[in-house]
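Colleague: I need the structure of the sequence given here:
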Amino acid sequence: ISFNAAISACEKVGKWEKALLFLSQMTLSKVRSNTISYNAAISACEKGGQWQKALQLFSDVSWSRGELDTITFNTAIRACEKGGEWEKALQLFVLMACNVVEANTITCTAAVSACETRGKWSEALRLFGVMTRNEIRSNTVILSTSISAYETAARWVHALGLLSAIAAIKKVFFVEVNAFRSDRKT
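Modeller: Residues are numbered from 1 along each chain as shown. The predicted structure follows:
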């Protein structure tokens, strides 16, 4: 538990080298690392701009433990996004489905963003379609990214439809906030 706490602390302050040191010390100390250990270390590498190291850790946990969860995939996909590695982000997205690990809004946002920022609008839109078909909840970031991709593809009607979706999300948010405020007053 103390190694995991140390790795997590390093992750929070962007000390990826120290996080990897603690992870290797676990092995030397005969302390079994787990998904939490690896997720924190992968996240530390992602935050430190070390996408190659993040993917190496992902590979290590995949082959040695087979304990991959949504957080493992999300951090690896975000590392690829930050590193401009849209193809690797898509490969991880597909691998996630093959491993029957459920994608969420964070997963899709990172994968769509990785594609869109590299000008791969058709892939970004394909991912947005997968997200919609699988009823993964949208947020304004992914909708904005998708609108940008539709704009690049000169698909204005679709872009306008997403603008309407953003307006609907904001309306629901404000209704929920007002309901919460009303409940607190009583």
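Colleague: in the helix or strand encompassing residue 109, what's buried?
Modeller: Assigned by DSSP states H and E, residue 109 belongs to helix 105-117. For helix 105-117, a neighbour-count test (16 or more other CB atoms under 10 Å) marks 106, 107, 108, 109, 110, 111, 112, 113, 114, 115, 116 as buried. Every residue, glycine included, has its C-beta placed from N, CA and C.
Colleague: if I read this right, the fifth one contacts residue 81, doesn't it?
Modeller: Yes. Applying CB atoms under 8 Å as the test, residue 110 and residue 81 come out as touching, 4.7 Å apart.
Colleague: For the helix holding residue 109, list the C-alpha coordinates in PDB.
Modeller: C-alpha atoms of helix 105-117 as PDB (Å, rounded to 0.1, in the frame of the first residue of the first chain):
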ATOM      1  CA  THR A 105     -16.400   9.500 -21.900                       C
ATOM      2  CA  ILE A 106     -12.800  10.000 -20.900                       C
ATOM      3  CA  THR A 107     -11.700   7.300 -23.200                       C
ATOM      4  CA  CYS A 108     -13.600   8.600 -26.200                       C
ATOM      5  CA  THR A 109     -12.600  12.200 -25.500                       C
ATOM      6  CA  ALA A 110      -8.900  11.400 -25.500                       C
ATOM      7  CA  ALA A 111      -9.200   9.200 -28.600                       C
ATOM      8  CA  VAL A 112     -11.300  11.700 -30.600                       C
ATOM      9  CA  SER A 113      -9.000  14.500 -29.600                       C
ATOM     10  CA  ALA A 114      -5.900  12.600 -30.600                       C
ATOM     11  CA  CYS A 115      -7.300  12.200 -34.100                       C
ATOM     12  CA  GLU A 116      -8.700  15.600 -34.400                       C
ATOM     13  CA  THR A 117      -5.600  17.500 -33.400                       C
END
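Colleague: Give me the distance from it to the chain's centre.
Modeller: Relative to the chain's own centre, helix 105-117 is displaced by 7 Å; criterion: CA atoms, centre = their mean, to the nearest Å.
Colleague: do the same with stretch 28-35
Modeller: Here stretch 28-35 is found 25 Å from its chain centre; the criterion is CA atoms, centre = their mean.
Colleague: Identify the residues contacting it?
Modeller: The list of residues contacting stretch 28-35 from outside it, by CB atoms under 8 Å, 6 or more residues apart in numbering, reads 3, 4, 23, 26, 27, 61, 65, 67, 68, 69, 71, 72.
Colleague: Thanks a lot, see you next time.
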